[in-house]
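In: generate coordinates for the sequence data below:
(one chain, ligands or ions: 1)
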Amino acid sequence: MEHNTKRIAKDFGLDVTILGKDKGHFSEAMEYNVPIVVRGIASALGMEPKIDYDEILKRADELKSMLPERMPCFCAGCPHRATFWAIKQAIRGRNVVFNNDIGCYSMAFFPPLNMTSSLLCMGSSLGLSAGMSQVLEDDVMCVVGDSTFFHATLPGLVNSVYHNLNVTLFVLDNEVTAMTGQQFHPGTPEDRGMPEGKKRIKIEDVCRGIGVGHVAIMDSYDVKNNVDIIKKALDFKGPSVLISRRSCALHGDRIKRRTGEPIIQNEVNKDICKKPHTCIRDFYCPSFEFDTDDRAARILPEICDGCGVCAKICPFGSIHRKGEEAPAKEVKQ
Ligand SMILES: Cc1ncc(C[n+]2csc(CCOP(=O)(O)OP(=O)(O)O)c2C)c(N)n1
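Out: Sure thing, here's the model as predicted:
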């Protein structure tokens, strides 16, 4: 922008000084924040900033240290959490390379999942996997979102089919471009808020059309069945695509609130809970709270979105939907 501004000024013969990165008022690299911008403007104008930002930042750091540390995590009800839970069970005992991509699912890189081997840039995961699959003995898998599939994964998929590579691609289809604010994309179903006049393109149709030999669709919340579906895809020789489908929890809940569909939350039955804390430590859903009095898990009604996946993964079946006695079917840990 700075160089173009200079070019335009030159074209119009303007005798103006243009200040910016070239003269060192702003840095060439890294993200900007308010103090950086204010200091840059002040230095360009030869002034001292009127606010002492160093003091404010020091104070903010002090306050930050008072908060308990927590890794960024998936929202309550996020289907990605359930998909990764199933993937974790399915790859147990296998040598796997798992390349990540850019979207909400990038968080699988962080604890407690620690599940992916690389995280580079949008669309990189299948390209990297395609290369790796030609030199590694391991199962090579990668994950993209539905938006990233259309935006930056198609060339890698064509390449994988053309060379018949042993890669498994997970497409986490949550209907929207969740991370950047739930925008629609070509795969958003027409009846889930897609603007009128747009035509949905189904991810499975694209994959089959390109010639992917093994394409399966999973319900992200159906953790138990998904473990077997994933194992089968990993055993398949050639490129395989697994589409894990469930609405982004925030998007889905917004539609439910609009249509009046009830959100039935879950609760922990403290008489059954043996306090393994799987739900807090491993499942890492923000709707769980640790009760410091009795060391049991508690579900916060203001956060729980009623997805019910916690009930499926609880090793003691101590979680159930409010108003129901029995938990959902247990899933082996
Ligand atoms: C080349 C590039 N374009 C755009 C972005 C901005 N961006 C970050 S995440 C994202 C979309 C993620 O959507 P999706 O893959 O569907 O995953 P979700 O967040 O829904 O799980 C975009 C467009 C980017 N990081 N890189």
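
In: and after the lowest-mean-pLDDT helix or strand in the chain, which helix or strand comes next?
Out: Every helix and strand in the chain was compared by mean pLDDT, DSSP states H and E; the lowest is helix 53-64, with a mean of 90. Sequence order places helix 79-90 as the next helix or strand after helix 53-64, per DSSP states H and E.

In: the inter-axis angle of whatever helix or strand comes next after that next one versus helix 79-90?
Out: The C-terminal neighbour of helix 79-90 among helices and strands, as given by DSSP H and E, is strand 96-100. With axes from the mean of the first three to the mean of the last three CA atoms, to 10 degrees defining the directions, strand 96-100 sits at 170 degrees from helix 79-90.

In: just the helices from this structure, written as ranges.
Out: Counting by DSSP state H, the chain has these helices, from start to end: 2-11, 34-44, 53-64, 79-90, 124-133, 146-148, 154-162, 203-210, 223-235, 249-259, 309-313.

In: ok, which of those comes nearest the ligand?
Out: helix 146-148 (3.1 Å; CB to the nearest ligand atom). C-beta coordinates here come from the backbone N, C-alpha and C atoms, glycine included.

In: give me the mean pLDDT for that closest one.
Out: The average pLDDT for helix 146-148 rounds to 98.

In: contact partners of it?
Out: Applying CB atoms under 8 Å, 6 or more residues apart in numbering, the external contacts of helix 146-148 come out as 101-103, 122-123, 171-177, 183, 185, 187, 203.

In: swap in stretch 255-275?
Out: Here stretch 255-275 makes contact (CB under 8 Å, 6+ apart) with 192-193, 247, 253, 279, 294-299, 301, 304-306, 308, 310-311, 315-323.

In: end to end on that stretch, go ahead and measure it.
Out: Here the two ends of stretch 255-275 are set 35 Å apart, with distance taken as CA to CA, to the nearest Å.

In: now do stretch 307-316
Out: 18 Å.

In: same question for stretch 146-154.
Out: Stretch 146-154 end-to-end distance (CA to CA) = 11 Å.
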